[in-house]
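Asker: Following is a predicted model, sequence given first.
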Amino acid sequence: MLDKLSIIVEEIKKQKKELEQIEKEVSLLDNKRLQKVVEIAKEAIIFEKIFKEKIEYNNSREWHSDSVEYFYDENGKALKGGLVGEINLSYHQGNTGGERVDKELFLMDDGSWKVFIYKARWTYYADCSNEYKRTIAENQDISMFDIDEIIKNIIEEIQNSLKYIVDEKNKQIERLKKLKSLKIS
């Protein structure tokens, strides 16, 4: 009986060692794949300024942003990125509103990553405000985010960028046609 137990334990040790090696190889290949996707995608994504704090007011008819504050780098340039990963940390909804906290992963316009903590508080009452805040997370490790999900989201961002550019181009074509049809003397 002890011999059988020893054989099983040795097999488990062997399998664990092989599993660790495979996991390392998978992680290395996943990271290379992600790096290649970012290298290609960062030229196509339309990056947007990342807000630090945004307050929306309801004037009984519609919501509108009254106050927005952005993140800036050391040179005073607004940080730009695209949201490519989210992990919900907490969510609460009640009769009067709710609160949500997420960990967010942004692909920055220079190809780097930045992890934020996003907090949203909202209300269902008219003439009240919703508040959205981001802080830069202390832990900037992106391994907590699913690589396949990140890549899927990057592809969606590229598709959205293409749609936006095509729409803008079509608007300009229409405007050009209209201008050419006017007789300017």
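Answerer: Structure's in. What do you need?
Asker: wait, is residue 3 part of a strand?
Answerer: No: according to DSSP: H, G, I helix; E, B strand; the rest coil, the state of residue 3 is helix, so it is not within a strand.
Asker: what about it, how many residues close to it?
Answerer: Neighbour count for residue 3, taken as other C-beta atoms under 10 Å: 7. Bear in mind the C-beta positions are built from the backbone N, C-alpha and C, glycine included.
Asker: now it: how far from residue 90?
Answerer: 51 Å (C-beta to C-beta, to the nearest Å).
Asker: Then residue 45?
Answerer: Distance from residue 45 to residue 90, by C-beta to C-beta: 29 Å.
Asker: Which one of those two is surrounded by more residues?
Answerer: residue 45 (19 against 9).
Asker: Just grab the bridge partners of residue 88 for me.
Answerer: residue 102 (DSSP bridges).
Asker: mind listing the helices for this protein?
Answerer: Residue ranges of the helices in the chain, as given by DSSP state H, are 2-41, 147-181.
Asker: Please name whichever of those is nearest to residue 94.
Answerer: Residue 94 lies closest, by C-beta to C-beta, to one member of the helices of the chain: helix 147-181, at 29.4 Å.
Asker: now that closest one and helix 2-41, what's the angle there?
Answerer: Helix 147-181 runs at 10 degrees relative to helix 2-41, counting by axes from the mean of the first three to the mean of the last three C-alpha atoms, to 10 degrees.
Asker: tell me the contacts of residue 144?
Answerer: Neighbour list for residue 144: 87, 103 [criterion: C-beta atoms under 8 Å, 6 or more residues apart in numbering].
Asker: and it, how far is that from residue 115?
Answerer: Relative to residue 115, and taking C-beta to C-beta, residue 144 is found at 8 Å.
Asker: which residues are common contacts for those two?
Answerer: residue 103.
Asker: I'd like to know which of the helices of the chain is closest to residue 106.
Answerer: helix 147-181 (10.6 Å).
Asker: if I look at the closest residue to residue 81 other than its chain neighbours, how far off is residue 38?
Answerer: Using C-beta to C-beta, 6 or more residues apart in numbering and skipping the chain neighbours, the partner closest in space to residue 81 is residue 106 (3.6 Å). Distance, residue 106 to residue 38, using C-beta to C-beta: 12 Å.
Asker: What of residue 92?
Answerer: 34 Å.
Asker: And these two? Which one has more around it.
Answerer: residue 38 (19 against 10).
Asker: And the pLDDT at the residue nearest the centre of the chain?
Answerer: The centre of the chain sits closest to residue 83, judged by C-alpha atoms, centre = their mean, with a distance of 1.8 Å. In the predicted model, residue 83 carries a pLDDT score of 95.
Asker: before we move on, what about residue 3?
Answerer: pLDDT at residue 3 comes out at 86.
Asker: again with the one 3 residues further on
Answerer: Model confidence at residue 6, given as pLDDT, is 91.
Asker: likewise residue 51?
Answerer: 93.
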